[in-house]
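Asks: here is my input, please return the structure:
(one chain, ligands or ions: 2)
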Amino acid sequence: TPAIRLTGLEKTYAGGKRALDGISLEIPRGSMFGLLGPNGAGKSTLINILAGLVMKTGGKAEVWGFDIDEHPRNAKASIGVVPQELLFDAFFTPFETLELQAGLYGVPKERRRSMELLEKVRLADKAHVYTRQLSGGMKRRLLIAKALVHNPPVIILDEPTAGVDIELRQMLWQYVRELHAGGTTIVLTTHYLEEAEELCDRIAIVNHGRIVADKSKADLLAQA
Ligand code: ADP
Ligand code: ADP
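Replies: Ligands and ions are numbered 1, 2, ... in the order given. Below is the predicted model of the structure:
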């Protein structure tokens, strides 16, 4: 089974906006998959459905072989989502943020590795300050660590480099490559073709809630 399989996925928001208009897509295990599309294409909606934050209104979604309707907990345990918004409880420290997240996912104390994760994203020296004191780049790195707490096989990053300067962008890309090399399936959304080209081995293009292309990077570039 693929890491993620979507079959005719639909979302019509309460106000009538049809954000996803029948998305069918397979994301192979071990791939570095880019979901490319302009603002408003439906990328965040798709991710939020997989994250369990938005209810789909039609179709089917499976994560790591688990149907999100039939096995929501297993599906949720199989992905880590790095959201676009840099939102935290400002009065927790990075260390506490990760411990809390581990608790939410039922990771037993002896299997927690909050300090190790903070070291990985180079935040060990900020482990015990309040998150409100972190810079934007530090917050983004903390969000990545937070998504990894339960050691999911699939990581989804929503516009990971939106509003990020060149230096931090390179660091984030390097970090995502290391995760991928370690065997994690990576899905990232972006509206920069350049970013998808640089990082991804497979790219799907979304527009108006539909998949308009789904190709290996080589095929996509050959066609352009
Ligand atoms: P739903 O219950 O359909 O998932 P939400 O609770 O996410 O809807 O959003 C409630 C309302 O907030 C929407 O019907 C819409 O009017 C407004 N809204 C929130 N985010 C957006 C957005 N990005 N674009 C347009 N409207 C939005
Ligand atoms: P992207 O992530 O590709 O920019 P989104 O999934 O955020 O696209 O949005 C897809 C469409 O759905 C847009 O037209 C957006 O305004 C609309 N939308 C997003 N969230 C909501 C919401 N909560 N309520 C109503 N419309 C929404």
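
Asks: can you confirm E197 is in a helix?
Replies: Yes. Residue assignment for E197, taken from DSSP: H, G, I helix; E, B strand; the rest coil, places it within a helix.

Asks: burial count for it?
Replies: For E197, the tally of surrounding residues (other C-beta atoms under 10 Å) stands at 16. Backbone N, C-alpha and C define where each C-beta goes, glycine included.

Asks: cool, and the one 4 residues further on?
Replies: For D201, the neighbour count with other C-beta under 10 Å is 15.

Asks: okay, and the beta partners of the closest residue to it other than its chain neighbours?
Replies: Once its chain neighbours are removed from consideration, D201 has its nearest residue in M32; the separation is 5.1 Å (C-beta to C-beta, 6 or more residues apart in numbering). Under the criterion DSSP bridges, M32 forms beta bridges with I186.

Asks: how far does stretch 145-155 stretch from one end to the other?
Replies: Start to finish, the residues bounding stretch 145-155 are 11 Å apart (C-alpha to C-alpha, to the nearest Å).

Asks: try stretch 178-196
Replies: 16 Å.

Asks: same deal with stretch 153-171?
Replies: One end of stretch 153-171 sits 22 Å from the other (C-alpha to C-alpha).

Asks: and this structure, which residues reach ligand 1?
Replies: For the chain, the residues in contact with ligand 1 under the definition C-beta under 6 Å from any ligand atom are 13-15, 54.

Asks: reformat those residues as CSV; add pLDDT and neighbour count.
Replies: Listed next are the residues of the chain next to ligand 1 as CSV, based on pLDDT from 0 to 100; neighbours: other C-beta atoms under 10 Å:
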residue, pLDDT, neighbour count
Y13, 97, 12
A14, 95, 6
G15, 94, 5
V54, 95, 17
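
Asks: those also near ligand 2: which ones?
Replies: The subset of the residues of the chain next to ligand 1 lying close to ligand 2, counting by C-beta under 6 Å from any ligand atom, consists of 13, 15.

Asks: tell me which two of the residues of the chain next to ligand 1 sit farthest apart.
Replies: In the residues of the chain next to ligand 1, the most distant members under the criterion C-beta to C-beta are G15 and V54, with 13.5 Å between them.

Asks: ok, the residues of the chain next to ligand 1 vs L123, which is closest?
Replies: Nearest to L123 out of those is V54 (C-beta to C-beta; 29.2 Å).

Asks: you'd agree that closest one is in a strand?
Replies: No. Checked against three-state DSSP, V54 lies outside a strand; its state is coil.

Asks: now the nearest residue to it once chain neighbours are set aside. Its backbone dihedrals?
Replies: With C-beta to C-beta, 6+ apart as the criterion, V54 has its nearest non-adjacent residue at 3.9 Å, and that residue is N48. The main-chain torsion angles of N48 are listed as degrees, to the nearest 10 and equal phi -70, psi -30.

Asks: I'd assumed A61 was in contact with N48.
Replies: No. Using C-beta atoms under 8 Å as the test, N48 is too far from A61 to be in contact (11.4 Å).
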